[in-house]
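> Task: produce atomic coordinates for the following.
(2 chains)
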Amino acid sequence: MTTALFTPNFSFKISTSTPQRRRRCHFVRSSQATVAVETPSSSATDLLLQVKDLSAVIADSKQPILKGVNLTVRHGEVHAVMGKNGSGKSTFAKVLAGHPDYEITGGSITYKGLDLLEMEPEERAVAGLFMSFQSPVEIPGVSNIDFLNMAYNAKRRKLGLPELGPIEFYGYVAPKLELVNMKIDFLNRNVNEGFSGGEKKRNEILQLAVLGAEFAILDEIDSGLDVDALRDVAKAVNRVLTSENSVLMITHYLRLLEFIKPTYIHIMENGRIVKTGDISIAEILEKEGYKAISGT
Amino acid sequence: MSISALNSYLPKLCAQPRATRTKAFAQPPTLAILSDPHVLRLAETFEDSIASAASSSSPAPPLQKLRDISSQSLLTTPWPSRKDEPFRFTDTSFIKNSEVQPVTLAPTPSLDTLSGLADSLFPSIAIIDGYLVDALSNLSELPEGVFVGRLSNLNSEVLMEKVAKYVSNFKGDLFWSLNGVGAPDLIIVYVPEGCKVENPLHLRFISMNWSEKGSKTLPVSNPRVLVLVEKGGEISLVEEYVGGDGDASCYWTNSVMEVVVGDGAKVSHSYIQTQSLGAAHVKWTSVRQESTSVYELTEVSTGGKLSRHNVHVQQEGPDTVTELSTFHLSIGDQLQDLHSKLVLDHPRGFSRQLHKVIVAHSLGQAVFDGNVQVNRYAQQTDAGQLTRSLLLEPRATVNVKPNLQIIADDVKCSHGAAISDLEEDQLFYFQARGIDKAAARKSLIFSFAAEVVEKFPFVTLQKKVENLIRTLLDPKLPSSEEDFSSYWFCTSCKSGSEHGGITKENSNVPFD
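Numbering: from 1, shown residues only, chains lettered A, B, ... in the order given. Next comes the predicted model:
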């Protein structure tokens, strides 16, 4: 089982990967050594996530948001989803994570050969699906370290490993803080309470570092950040993710894609993926706006 | 003049008023007609117990003054009914229908039987059934000039005068006055000018006399404390109420604390009530805050079948800081009630009130009436009030009435009330990280109280209370989520100030 429970692999060595699992997500400085967009391998074992004709509505109002999304993600691929506000990008991310605000009205999601829609959100998480929240909620009264410890132990239980007590866990989590450039007292603060925008994003990445993920969904980790903060967060992501990880990034800006290079870029419009291509789409988008690549 | 004396004159009083020496008699006779015989009988019982317990010497003048004022007020105070606004949701018939027996003799418990109660890290006093017990008190670490003890042991005439000036300088309700009549002595905590007491003072109120459940008799104690902190003085008080075990012990603690915070002085007040679930706990805390003074109250109440805390804070000068943080937990067939009133009469006052409640039993009930008055001269006041209630069982009830009365026109005030289940977004955040719903609920419920518990000024106290809440709540929380069906719906409205409320079966949320 590929658990990817975080391997502290900081290197930018893109050549270490096996032929099937080529690392396509790499840090920008190593872009000379960049790998071209590869022909996706069609081997069934390589398949991580398959979304077919997915449609979803807001549970309360029954307003349709997703209207037939199709997407295939293989191991080690980095996908970016772009699109106008309200096109359904974040909803798509939340639906994948199992958010109760949305109701699935059609289609299917297969994750690692399992029916994802039949899984509770916590089952999805322990199965290696991680979504970083665009605006994570504050949880007063629960300290960051307790929260991480609970989450980490949930994962350990799933893997049949003994749980870690607070002291052992501290030993495990402390080095992770360096990855995301945070001070140790960050652990004693309550989850997201009074955090700045940048701190919230980094806390999400810290959780990713601690819990690991086979499939990381990064929902606008660049929103609300200035250029320097964005670089920090992107650096942290690159340190945390390895060639094992598959990534689905949601963003509005080319900027983030310069740090974390996607294999594919998808354009979402009115609840559907209307166009898929490589980084050139994002460049066109940046210059000419969505009109230039509108699917309609 | 005592109640019994007055009472015996009652018929004549109504018929033909006549001049007497006492103030009480000088009242218009019509008032006497309103006397409640039950109240008078109770007051008489209290007086008799005091008389039999007292030594031959007459009480010190401040105590006499207290008794006089209290008797007088009892003449015109009926037993509260549900028709009286302050008792609209608080049923006191449990006390009324019991045969109330004042605990008369100061008990002399052996140190062995109380060894568990004797350990206290702070300088401390033990008040057993309303009587201060020296053998269980340790006051060696107090700085010079600080007085902690009985009024009857007070030698300083200057201090005696000050006590006389401040004692019962406020008009409370029936229970306030009953305490005034029944208090065997006054316990004084005095901090002189500029004196900063480093260690917290622990006041341990222990109920040792109780009756078995089902018995009609209700032993009552009437402890009364006056805290006087002079200009620039500072003290931290830890007021703790214990006694009896489980829900089998029935008694009534009717306690009053008066606090005077002088100019620039600071009182940090921690209050922990974990009395028996068969007990009645009625408490008054009346605070007077002079200019630039600071008063901080942190309360956790989990005990009592009927528990009522009345907090009254009166601002006496400008630039005061008042912080009230309270957490009530109702885990059984019990009522937790907080009635607070904060009166701001001077400029630039700052106040923050946070009240949180968990009702975790279908017969559990909670009441909150929080009044903040910002009067005409209280310009540039900054007052905030927030109450949040969590109902964990069907038919669990909470009645909240947060209310602001603002007359000044240049102020910053906010208040809000929310009664709800846990936040969906928070639950989902846990789940998205692999933590199942039941564990997430548990964690969120514990953390609900944390916001208040964190306000306790000492870590030892925080830990102690945290453990207490955990122990009480843990068996109440089902391990599977099925037990928490969605009984709820939560509504909120925004209209000028922030408001929110529930409707959940028999719960109701009156707003001002």
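
> For residue 154, which non-adjacent residue is closest in space?
Here I'm looking at chain A. Nearest residue to residue A:154, sequence neighbours excluded (C-beta to C-beta, 6 or more residues apart in numbering or on different chains): residue B:434, at 4.0 Å. Where you see a C-beta, it was placed from the backbone N, CA and C, and this is true even at glycine.

> looking at chain B here, not the other one
Nearest one to residue B:154, counting by C-beta to C-beta, 6+ apart, is residue B:160 at 5.9 Å.

> That neighbour in helix, strand or coil?
Three-state assignment for residue B:160 (DSSP: H, G, I helix; E, B strand; the rest coil): helix.

> Any buried residues in stretch A:176-188, and which?
Residues A:176-177, A:179-180, A:182, A:186-187 are the ones in stretch A:176-188 that count as buried (16 or more other C-beta atoms under 10 Å in any protein chain shown).

> element containing the one residue in the stretch 1-150 of chain A that gets nearest to chain B, please.
Going by C-beta to the nearest C-beta, chain B is nearest to residue A:141 of the stretch 1-150 of chain A, at 2.8 Å. Using DSSP states H and E, the element containing residue A:141 is strand A:139-143.

> Kindly export the next helix or strand along the chain from that strand (C-alpha atoms) in PDB.
Following strand A:139-143 in sequence order, the next helix or strand is helix A:144-158 (DSSP H and E). Provided in PDB are the C-alpha atoms of helix A:144-158 (Å, rounded to 0.1, in the frame of the first residue of the first chain):
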ATOM      1  CA  ASN A 144      -2.900  22.800  17.200                       C
ATOM      2  CA  ILE A 145      -0.800  20.000  18.600                       C
ATOM      3  CA  ASP A 146      -3.800  18.200  20.100                       C
ATOM      4  CA  PHE A 147      -5.700  18.500  16.800                       C
ATOM      5  CA  LEU A 148      -2.700  17.200  14.800                       C
ATOM      6  CA  ASN A 149      -2.100  14.400  17.300                       C
ATOM      7  CA  MET A 150      -5.800  13.300  17.000                       C
ATOM      8  CA  ALA A 151      -5.700  13.300  13.200                       C
ATOM      9  CA  TYR A 152      -2.300  11.600  13.100                       C
ATOM     10  CA  ASN A 153      -3.500   8.900  15.400                       C
ATOM     11  CA  ALA A 154      -6.600   8.300  13.400                       C
ATOM     12  CA  LYS A 155      -4.400   7.600  10.400                       C
ATOM     13  CA  ARG A 156      -2.100   5.300  12.500                       C
ATOM     14  CA  ARG A 157      -5.100   3.400  13.600                       C
ATOM     15  CA  LYS A 158      -6.200   2.900  10.100                       C
END
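
> Report the beta-bridge partners for the closest residue to residue B:396 other than its chain neighbours.
Among residues not flanking residue B:396 along the chain, residue B:359 sits closest, at 3.9 Å (C-beta to C-beta, 6+ apart). Beta bridges link residue B:359 to residue B:330, residue B:391, judged by DSSP bridges.

> My guess is residue A:200 contacts residue A:191. True?
No - look at residue A:200 against residue A:191 with C-beta atoms under 8 Å: they stay out of range, at 9.9 Å.

> quick one, which of those two is more surrounded?
More neighbours surround residue A:191 than the other of residue A:200 and residue A:191, with 26 against 21 (other C-beta atoms under 10 Å in any protein chain shown).

> which residues touch the residue nearest to the more buried one when sequence neighbours are not counted?
Spatial nearest neighbour of residue A:191, excluding adjacent residues (C-beta to C-beta, 6+ apart): residue A:139 at 4.0 Å. The neighbours of residue A:139, taking C-beta atoms under 8 Å, 6 or more residues apart in numbering or on different chains as the test, are A:147, A:190-193, B:426, B:429, B:444, B:447.
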